[in-house]
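1. based on what follows, work out the 3D shape:
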Amino acid sequence: MQHVLLETQASSDASPTSLPAPAEVLLPYLPEAAGQARRFLRTTLTGWGLDGLVDAAALVGSELVTNAAKTGCRQQMTVAVRQLSRTTLRITVRDGSCVLPVLIRASPEEECHRGLALVDRLTDGRWGVTLEPAGKVVHADLTITR
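-> Numbers count the residues shown, from 1 in each chain. Alright, predicted model coming up:
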């Protein structure tokens, strides 16, 4: 397994039994998958009592899914969310493409290429990619504040 970009380490400030069980959903490589990811993340985080992260998580998740949907893969992608600690929430998107995401700093005049810049801003740069034999997993970590 090769790690690319930034790989974050979760702090161990909570026991595993006090954290909710990870949740995941399989989505198709279609444009509507971004909306499905937003609904999945909203429902899951609301159920976990993390209402303050719902908007940021929905935006981050939909951007990662949109990038995965553009790869042209025909398999299903997996969107997962888990609480790594009391202060860190991780969203992951696993897809079947080895094409790495690229952070582009779009000019103010450009109307696209802002997705990963938004992810980078919302996560304070705590996102990255792990290459797998048949694809990759892109992760993004959000800070939980209570």
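2. just checking, A117 touches V102?
-> No: A117 is beyond contact range of V102, at 10.7 Å (criterion: CB atoms under 8 Å). Every residue, glycine included, has its C-beta placed from N, CA and C.
3. now do the buried residues in the helix or strand where V119 lies.
-> V119 belongs to helix 115-122 when elements are defined using DSSP states H and E. Using 16 or more other CB atoms under 10 Å as the test for burial, helix 115-122 gives 115-116, 119-120, 122.
4. L50 - nearest residue in space that isn't next to it in sequence?
-> I144 (6.4 Å; CB to CB, 6 or more residues apart in numbering).
5. tell me which residues touch the one you found, please.
-> By CB atoms under 8 Å, 6 or more residues apart in numbering, I144 lies in contact with 50, 53, 83, 86-89.
6. now do the helix holding V119: which elements does it pack against?
-> If contacts are counted by 3 or more CB pairs under 8 Å, 6 or more residues apart in numbering; DSSP states H and E, helix 115-122 sits against helix 54-69, strand 127-132, strand 135-143.
7. circling back: out of the contacts of I144, who's the most crowded?
-> L89 (24 neighbours; other CB atoms under 10 Å).
8. helix, strand or coil for that one?
-> strand (DSSP: H, G, I helix; E, B strand; the rest coil).
9. correct me, but it touches V60?
-> No: the pair L89 / V60 is not scored as a contact, 9.7 Å apart, by CB under 8 Å.
10. tell me how far the ends of stretch 87-100 are from each other?
-> 28 Å (CA to CA, to the nearest Å).
11. going forward, the N-terminal residue is numbered 48.
-> Will do, 48 is the new start, and the previous item becomes stretch 134-147.
12. check the offset of it from the chain's centre.
-> 5 Å (CA atoms, centre = their mean, to the nearest Å).
13. before I go, just wanted to say thanks for your time.
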